[in-house]
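[1] predicted structure and sequence below. I'll ask about it afterward.
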Amino acid sequence: MKRIFLIVLDSFGIGEMEDAAAYGDSGTNTIGSVSQSGWFEIPNLKKLGIFNIEGVDCHKKEPVEAPLACVARMKEASKGKDTTIGHWEIAGMISPKPLPTYPKGFPKEVLEPFCEKTGRGVLCNLPYSGTAVIQEYGEEHLKTGDLIVYTSADSVFQIAAHEEKVPLEQLYEYCRIARELLQGEHGVGRVIARPFVGDCKGSFTRTAHRHDFSLLPPRITMLDQLKDAGKDVIAVGKINDIFAGKGITEYVYTSGNAEGITRTLEYLDKDFEGLCFVNLVDYDMLYGHRRDVDGYAKALAYFDEKLPEIMGKMKEEDVLIITADHGCDPAYMATTDHTREHTPFLMYGKQIQPINYGTRETFADIAATVLDYLGVVKETAGDSMLSLW
């Protein structure tokens, strides 16, 4: 029974892409920035070959003579640098057009029907930091009951509400209303519930009850193909939300990296045939966007510490793939947004012959490789790397 464990280190970019300037991201390099931290210690990723990847430029870069994994530098062929498009491309679907963004806030044709259907007003309606917006508008929200609606450089419609003022299920229902409205021209990648607690400005904090309501992938992905072929497709973390449940056979949500790794270890002990697709979100959510270099480095070190346990539980035909969906350089101060970067590809398994694949033209090669290994004829974009063995 062949199993693939595909782990996305959310936002772990390895250096700017050729078109980074068009996205305002010249000079960005997530791994390069994080490597400057005294907490940057990733000996197990080093053994796999992270520093053997073409173009990796960072402090403490020390390639190994005989890496344990196949390695590659991945280009994003899609137009964008957000979570949704990045994961869709990993799953074999290239997006030729970026999803809509709203640097000046959402227009009346979006907000008026939203307010009518929810019976509530709207506060903010601007691109904003998620931690800052609740401090700025939280007290007014508690007084009026109006919803805090904001966005970012990503294609997102985010709704923040106090858990005592707006119960979670009601907030989720408001997100479903927004998701139904935001289609076509205004089809943002994700509608995100952002609940928070606290008594007053300065004390408001976001809770772990975030929930994403994603746009349905418009074309077939490797998840659809695997499910149709009778394989298991297990989603850990926000993967189920990113794909709006499409192609998923089983899912579990997590509160962060630690729980995501724990759930992955649990699935390593279970019998299934197919794919376990994992997103570890803290790199992006807690450290990248908040421009916390040391926090990012500590989180990488924690994952690295857990790698031997993950690898030790792998069966004879299991494959581990480690990659990312975009960058989010924590030292880049021009914005607090994602950064247009290459991503790493590391593929390890007892049956895998380590090869350096150089630079690949699309994340979709991951989908093609997964389908090839699991014996499913590819209908997605991308080329399998197994053919190069």
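    Structure's in. What do you need? Residues are numbered from 1 along each chain as shown.
[2] state the distance from the closest residue in space to K231 that isn't next to it in sequence to T249.
    Distances taken as CB to CB, 6 or more residues apart in numbering place G274 nearest to K231, at 3.3 Å, with adjacent residues excluded. (Each C-beta comes from the backbone N, C-alpha and C, glycine too.) Here the criterion is CB to CB, to the nearest Å. By it, G274 lies 8 Å from T249.
[3] for Q135, give me its contacts.
    201-202, 204 (CB atoms under 8 Å, 6 or more residues apart in numbering).
[4] out of those, grab the one that's most surrounded.
    Sorting the contacts of Q135 by how many neighbours each has (other CB atoms under 10 Å) puts F204 first, at 22 neighbours.
[5] for that one, which non-adjacent residue is spatially closest?
    Nearest to F204 is G198, by CB to CB, 6+ apart, at 3.7 Å.
[6] which ones are touching that neighbour?
    134, 138, 162, 204-205.
[7] equivalent analysis for R190, please.
    Applying CB under 8 Å, 6+ apart to R190 gives the contacts 83-84, 154-157, 212-215, 241-242.
[8] in JSON lines, list those along with distance to E185 and secondary structure.
    Output for these, formatted as JSON lines (distance: CB to CB, whole Å; DSSP: H, G, I helix; E, B strand; the rest coil):
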{"residue": "T83", "distance to E185": "21", "secondary structure": "helix"}
{"residue": "T84", "distance to E185": "17", "secondary structure": "helix"}
{"residue": "D154", "distance to E185": "17", "secondary structure": "coil"}
{"residue": "S155", "distance to E185": "12", "secondary structure": "coil"}
{"residue": "V156", "distance to E185": "16", "secondary structure": "strand"}
{"residue": "F157", "distance to E185": "13", "secondary structure": "strand"}
{"residue": "D212", "distance to E185": "21", "secondary structure": "strand"}
{"residue": "F213", "distance to E185": "18", "secondary structure": "strand"}
{"residue": "S214", "distance to E185": "17", "secondary structure": "strand"}
{"residue": "L215", "distance to E185": "13", "secondary structure": "coil"}
{"residue": "D241", "distance to E185": "23", "secondary structure": "helix"}
{"residue": "I242", "distance to E185": "22", "secondary structure": "helix"}
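[9] turn these into JSON lines, columns for distance to G312 and neighbour count.
    JSON lines is the format used below for the contacts of R190 (distance: CB to CB, whole Å; neighbours: other CB atoms under 10 Å):
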{"residue": "T83", "distance to G312": "30", "neighbour count": "29"}
{"residue": "T84", "distance to G312": "33", "neighbour count": "26"}
{"residue": "D154", "distance to G312": "36", "neighbour count": "23"}
{"residue": "S155", "distance to G312": "39", "neighbour count": "23"}
{"residue": "V156", "distance to G312": "38", "neighbour count": "23"}
{"residue": "F157", "distance to G312": "42", "neighbour count": "24"}
{"residue": "D212", "distance to G312": "32", "neighbour count": "21"}
{"residue": "F213", "distance to G312": "37", "neighbour count": "21"}
{"residue": "S214", "distance to G312": "34", "neighbour count": "23"}
{"residue": "L215", "distance to G312": "38", "neighbour count": "20"}
{"residue": "D241", "distance to G312": "30", "neighbour count": "23"}
{"residue": "I242", "distance to G312": "29", "neighbour count": "29"}
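[10] does L45 touch E305 like I think?
    No. Between L45 and E305 there is no contact under CB atoms under 8 Å: 10.7 Å.
[11] of the contacts of Q135, closest to G130?
    F204 (10.9 Å; CB to CB).
[12] just checking, E41 touches A299?
    No. Shown here, E41 and A299 do not form a contact pair, counting by CB under 8 Å, at 11.9 Å.
[13] the two: which has the busier surroundings?
    Each of E41 and A299 has its neighbours counted (other CB under 10 Å); A299 has more, 24 against 16.
[14] tell me how far the closest residue to E316 other than its chain neighbours lies from L68.
    Leaving aside its sequence neighbours, E316 sits nearest to K350 (CB to CB, 6+ apart; 5.5 Å). Look at K350 and L68: by CB to CB, they are 10 Å apart.
[15] packing partners for the helix or strand encompassing G260?
    For G260, the host element (DSSP states H and E) is helix 257-268. Here helix 257-268 touches strand 3-9, strand 232-236, strand 274-280, helix 293-312, going by 3 or more CB pairs under 8 Å, 6 or more residues apart in numbering; DSSP states H and E.
[16] show the subsequent helix or strand relative to the first one.
    Reading on from strand 3-9 to the C-terminus, the next helix or strand found by DSSP H and E is helix 30-34.
[17] show me what that next one is packed against.
    By 3+ CB pairs under 8 Å, 6+ apart, helix 30-34 packs against helix 293-312.
[18] pull the helix or strand with minimum mean pLDDT from this structure.
    strand 211-214 (a mean of 91; mean pLDDT, DSSP states H and E).
[19] hmm, back to that, would you reformat the contacts of Q135 as TSV and include distance to E18 and secondary structure?
    Below are these laid out as TSV (distance: CB to CB, whole Å; three-state DSSP):
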residue	distance to E18	secondary structure
K201	44	coil
G202	44	coil
F204	41	coil
